[in-house]
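Enquirer: Just a sequence and a predicted model for now, questions to come.
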Amino acid sequence: MKKKNLLFITTDQQRQDSMPCYGLDFMKTPNLDWIAGNGMVFNNCYVTAPVCGPSRSAMMCGQYPSVVGTLSNDTNLPEGTPVWPEIVGREGYQTAAIGKMHFTPWDQLGGFQERIICEDKRHFYLPDDHYTFLKHNGLDRSSPVEFPEYQESLGAPYFIHEKKFHPDVFVADSAAQWLGTNGDEPFAVWVSFPSPHDPYDPPAEMKDMYEHCEIPEPIQGSVEANYMLEEQLAFVRDTENNSVFQIDPTKATPEQIRRWRKHYYATISLIDEGIGKMLDVLREKSVLEDTYIVFTSDHGDALGDHGLSYKYYFYESMVKVPLLVYGPGVAKGSTCDSLVSTVNLMPMFLDMCEAPKPKTVQGKSLMALIENPEKPINNYVFSEFLGRSMVYDGRYKYVHYISGGEELFDVQEDPQEITNRSKDETLFGIKSDLKSKLIEHMLECQSLLKQRTTVETHPERKRIDDEYKQMRMSIPS
Ligand SMILES: [Ca+2]
């Protein structure tokens, strides 16, 4: 029997509550709706890290960032780390990565046989394939800070060229073309869209598409309610003097935040159009039913919640992402409420491609949940970044900072995470249990790190050791 195909689609920085299947009814995402309606919607998926590089590394290797040393951007998986594209490639799959991978160095293959590169929208200076495409069309790629209305909107401009030149359209068109040309052999492809990551830059013709919708208001945080907020704000304020950003998003007015959100949603609809093109190709080639489609994002975006922007912390808007799975054996229109992590994706990809799992894999495969969504595979999920970590049990979320700061949220009773209860004596038992779990997780990661960095004993050292042991044994006691 012919092997099944894998089409892994990611967006960048897409929080979960940004699609109709997660309650945002006005969103126009017919193709994502189709995938959701014909597959399984995971309602509780958390990322391993609230930042691009670390989160994506776990999607590649099925290990937490602290095990493989990728706790911040600009780090890379150590050479020899088993990654799914390489493993399925050895099993006869044709593999490609199309779009933004955020590898370091940015243009490496990363275990894929082929890449069509379109990196982060703010990294406009990288001569990637999108850059070449624009050049061939006589266009320049300038910094998004030069796009119309960037400064006055604090980072929600509109795209400077025609829609067909937008990075998300380039990624979708490249992917559709690749699938059209190559989709005959079993394939495993990662298509990675640069949006809805900031700048929130839909094409001009789409910038007003959510103008008359009831845009959700940001969650109001306050320093009194959450004493960690000052530390968090300080981190985001850094962006004003950064040449790539040139704005301080913490100064945003309600109207500016509203515009961020409208533009953010428009770029998701733009991506959805592109996903439609890919689905059409798979339908035309009659391979849609033999293809697994997995859709998720590498982390969310606060979009003004708690006075914050972008990512880096562990609020729901930053660590909870959409996850849709469609394909052979996946029940149509099904949902799964169990707690899952993006560390569970890589072993699932290997199951989908009937490829062997390396011993290094930490996460369990999501296949078990696809077969039985009621039977949990994780009691806890973890998320990591340099100097801070989170554990979540599906109700309580505990975060520990290197400064000693703590957060404890009862996400069930306080879904907006307004009240930090880390000093609430009635919850000290729960806090203590979660803290233990976090320590156990970090210790497990540490011991796995030791295993992977242990160097085989040098033959001469081994000879001396053996000789000494022999000598000791020959001494009469
Ligand atoms: Ca990202």
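Expert: Good, I have the coordinates.
Enquirer: I'd like to check which residues are in contact with the residue of the stretch 351-477 of the chain found nearest the ion.
Expert: In the stretch 351-477 of the chain, no residue comes nearer to the ion than Phe385, which is 12.5 Å away by CB to the ion. C-beta coordinates here come from the backbone N, C-alpha and C atoms, glycine included. Shown in contact with Phe385 (CB atoms under 8 Å, 6 or more residues apart in numbering): Ala49, Pro50, Val51, Pro54, Leu71, Ser72, Tyr312.
Enquirer: how about Ser192, what does it touch?
Expert: Ile9, Thr10, Asp12, Ala97, Ile98, Gly99, Lys100, Met101, Val171.
Enquirer: Report the distance from the helix or strand that it is a member of to the chain centre.
Expert: Element membership for Ser192 (DSSP states H and E) is strand 187-196. Centre-to-centre, strand 187-196 and its host chain are 11 Å apart (CA atoms, centre = their mean, to the nearest Å).
Enquirer: between the contacts of Phe385, which is nearest the ion?
Expert: Nearest member of those to the ion, counting by CB to the ion, is Val51, at 6.8 Å.
Enquirer: Where does the prediction get shaky in the chain?
Expert: 221-230, 477 (pLDDT under 70).
Enquirer: which residue does it bring closest to the ion?
Expert: Cys52 (3.2 Å).
Enquirer: Make sure that residue is actually in contact with Ser297.
Expert: No: contact criterion CB atoms under 8 Å: Cys52 and Ser297 do not qualify, at 10.3 Å.
Enquirer: For the two, indicate the residue with more neighbours.
Expert: For Cys52 versus Ser297, the count of surrounding residues by other CB atoms under 10 Å is larger for Ser297: 28 against 20.
Enquirer: Next, the nearest residue to that one once chain neighbours are set aside: phi, psi?
Expert: Sequence neighbours aside, Gln14 is the residue nearest to Ser297 in space, at 3.7 Å (criterion: CB to CB, 6 or more residues apart in numbering). Main-chain dihedrals, Gln14, degrees, to the nearest 10: phi -100, psi 110.
Enquirer: need the contact list for Gln14.
Expert: Contacts of Gln14 (CB under 8 Å, 6+ apart): Pro196, Ile268, Ser297, Gly300, Asp301, Val321, Pro322.
Enquirer: can you list the residues of the chain near the ion?
Expert: Asp12, Gln13, Cys52, Asp298 (CB under 5 Å from the ion).
Enquirer: packing partners for the longest helix anywhere in the chain?
Expert: Ordering each helix of the chain by length in residues (DSSP state H) puts helix 254-284 first. Where contact means 3 or more CB pairs under 8 Å, 6 or more residues apart in numbering; DSSP states H and E, helix 254-284 is packed against strand 5-12, helix 30-37, helix 167-182, strand 187-196.
Enquirer: Between these, which one is closest to Gly62.
Expert: Each of those has some distance to Gly62 by CB to CB; the shortest is strand 5-12, at 13.3 Å.
Enquirer: Adjacent strands (with direction) for the closest one?
Expert: Paired with strand 5-12 in the same sheet, following DSSP bridges, are strand 187-196 (parallel), strand 291-297 (parallel).
Enquirer: Tell me which other helices or strands whichever helix or strand Ile116 is part of touches.
Expert: Per DSSP H and E: Ile116 is located in strand 115-117. Packed against strand 115-117 by the contact rule (3+ CB pairs under 8 Å, 6+ apart) you find strand 94-99, helix 129-136, helix 167-182.
Enquirer: middle-most residue in this structure, spatially?
Expert: Asp298 (1.0 Å; CA atoms, centre = their mean).
Enquirer: Can you give me the neighbour number for the nearest residue to Pro157 once chain neighbours are set aside?
Expert: In this structure, Pro157 finds its nearest non-sequential neighbour in Phe147, 3.4 Å apart by CB to CB, 6+ apart. Neighbour count for Phe147, taken as other CB under 10 Å: 20.
Enquirer: who's in contact with Phe147?
Expert: Pro157, Tyr158, Phe159, Ile160, Pro199, Asp201.
Enquirer: cool, and Pro54?
Expert: Thr48, Pro65, Thr70, Leu71, Ser72, Asn73, Thr75, Glu384, Phe385.
Enquirer: Remind me which helix or strand it belongs to.
Expert: Using DSSP H and E, Pro54 falls in helix 52-61.
Enquirer: for the stretch 301-450 of the chain, what spans make up the helices?
Expert: Applying DSSP state H, counting those that start in this stretch to the stretch 301-450 of the chain gives helices spanning 316-319, 345-352, 367-371, 428-453.
Enquirer: export those helices to TSV and tack on mean neighbour count and distance to Leu282?
Expert: Below are the helices of the stretch 301-450 of the chain laid out as TSV (neighbours: other CB atoms under 10 Å; distance: least, CB to CB, whole Å):
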stretch	mean neighbour count	distance to Leu282
helix 316-319	25	31
helix 345-352	24	15
helix 367-371	19	20
helix 428-453	14	37
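Enquirer: Tabulate those helices (a markdown table), appending distance to Glu79.
Expert: Conversion of the helices of the stretch 301-450 of the chain to a markdown table gives the following (distance: least, CB to CB, whole Å):
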| stretch | distance to Glu79 |
| --- | --- |
| helix 316-319 | 29 |
| helix 345-352 | 18 |
| helix 367-371 | 29 |
| helix 428-453 | 11 |
